[in-house]
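> need a 3D model of the following:
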Amino acid sequence: MGFETQDVERKIVSILKVLSDSKTPLGSMVIARRLKERGVELGERAVRYHLKLMDERGLTQLVGRRDGRVLTEQGIEEIENALVKDKVGFAISRIELLAFRTDFDLDKRTGSIPINVSFFPKAKFSKALEAMKPVFAAGLCVSDLVAVAQEGEMLGESPVPQHRVGLATVCSVVINGAFLKAGVPMDSKFSGILQFRNSKPLRFVELIHYSGCSLDPSDVFIRAKMTSVSTVAREGEGLILAAYREIPALCQPAAEKTISKLKEAGLGGVLTMGGISEPVCEIPIELNRIGIILLNGLNPVAAAVEAGIEVENYGMSTVIEYKNLINFQELIR
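Predicted structure coming up:
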């Protein structure tokens, strides 16, 4: 496969991803705009050209001249088996994209923040809330702020399926976004399972590096039932979801100021920050760097899964307006 053919294939896969994320047909203008949001510069005319190629290959189907395209069964299969090399590093790319899309103003407390989206069976949502309650109370999450939507409604850009209730939890990428706006470069290393002992973080027992991952690591850990978040919330012992980041030591004052402002807005997530060039939770660090452990926003949802409740998770999913969030306590009154 030549370079030009590879380039065409990458663009086709990018368009397929945009179409797969939409529940309605999309035209070339909308596709071009959404590609730009993902960092892919492809004009409307070029999108039309690639859509014609995709129609000929049976990957897409035109639904009226104004309504745009939808994926065919062959197109769905193609996106599921997309080029492996394009999948590698998906997680880190998603973090960078969401950090860029985070435009939350720390002083005015307005703008968008990144969220995880979880869909629960409607009949079991009340039980799920009870399972999540101790986790929120123990502060094992990024924020107490959440959003709820019923079937047919939207959570950010995610429609809620039939017979489901959608719950949005604040994603730890909000820290990345806030640091980015503050001029603090943050290196996202990995997501993992963090062991707690005597109510304190001890060490990572499992980890998945973002740079080599084609899936959201937190969803992998939750599906594999590798957590014991509920036990940590009750007894201070067990395993939770967490992430590891690094920043330059020179940026410590700016980082601490940003973290303080986030807390004032009800957005936490920083479990611990190490000293300069000092290991944190047994993770070694290079000279003049600082390690930061972030709580995962899906910890409450992991507790619901531990309670035997079926959940469909989309970690690092989309963004939502800060003003549309409510405190978790309002859901359980």
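> for the chain, which segments count as strands?
60-62, 69-71, 112-121, 145-150, 154-155, 158-159, 164-170, 187-197, 200-209, 238-248, 270-273, 289-295, 312-321, 326-327 (DSSP state E).
> give me the pLDDT value at Val160.
With respect to pLDDT, Val160 scores 89.
> quick check: which of the strands of the chain is nearest to Pro134?
Evaluated over the strands of the chain, closeness to Pro134 peaks at strand 238-248, with 12.1 Å, by C-beta to C-beta. In this view, the C-beta of every residue, glycine as well, is placed from N, C-alpha and C.
> the closest one packs against which elements?
With contacts defined as 3 or more C-beta pairs under 8 Å, 6 or more residues apart in numbering; DSSP states H and E, strand 238-248 has these neighbours: helix 173-181, strand 187-197, strand 200-209, helix 217-223, helix 229-235, strand 289-295, helix 299-306.
> Ser93: which of these is closest?
Proximity to Ser93 (C-beta to C-beta) singles out strand 187-197 among those, at 10.6 Å.
> elements contacting the closest one?
Against strand 187-197 (3+ C-beta pairs under 8 Å, 6+ apart) you get helix 90-101, strand 200-209, helix 217-223, strand 238-248.
> rerun that using 10 Å as the cut-off
Under the contact criterion of 3 or more C-beta pairs under 10 Å, 6 or more residues apart in numbering; DSSP states H and E, strand 187-197 touches helix 90-101, helix 173-181, strand 200-209, helix 217-223, helix 229-235, strand 238-248, strand 289-295.
> tabulate the strands of the chain (JSON lines), appending mean neighbour count and distance to His50.
Output for the strands of the chain, formatted as JSON lines (neighbours: other C-beta atoms under 10 Å; distance: least, C-beta to C-beta, whole Å):
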{"stretch": "strand 60-62", "mean neighbour count": "19", "distance to His50": "10"}
{"stretch": "strand 69-71", "mean neighbour count": "20", "distance to His50": "11"}
{"stretch": "strand 112-121", "mean neighbour count": "25", "distance to His50": "29"}
{"stretch": "strand 145-150", "mean neighbour count": "19", "distance to His50": "33"}
{"stretch": "strand 154-155", "mean neighbour count": "18", "distance to His50": "28"}
{"stretch": "strand 158-159", "mean neighbour count": "18", "distance to His50": "26"}
{"stretch": "strand 164-170", "mean neighbour count": "25", "distance to His50": "32"}
{"stretch": "strand 187-197", "mean neighbour count": "22", "distance to His50": "31"}
{"stretch": "strand 200-209", "mean neighbour count": "16", "distance to His50": "32"}
{"stretch": "strand 238-248", "mean neighbour count": "23", "distance to His50": "35"}
{"stretch": "strand 270-273", "mean neighbour count": "18", "distance to His50": "42"}
{"stretch": "strand 289-295", "mean neighbour count": "22", "distance to His50": "38"}
{"stretch": "strand 312-321", "mean neighbour count": "21", "distance to His50": "25"}
{"stretch": "strand 326-327", "mean neighbour count": "12", "distance to His50": "42"}
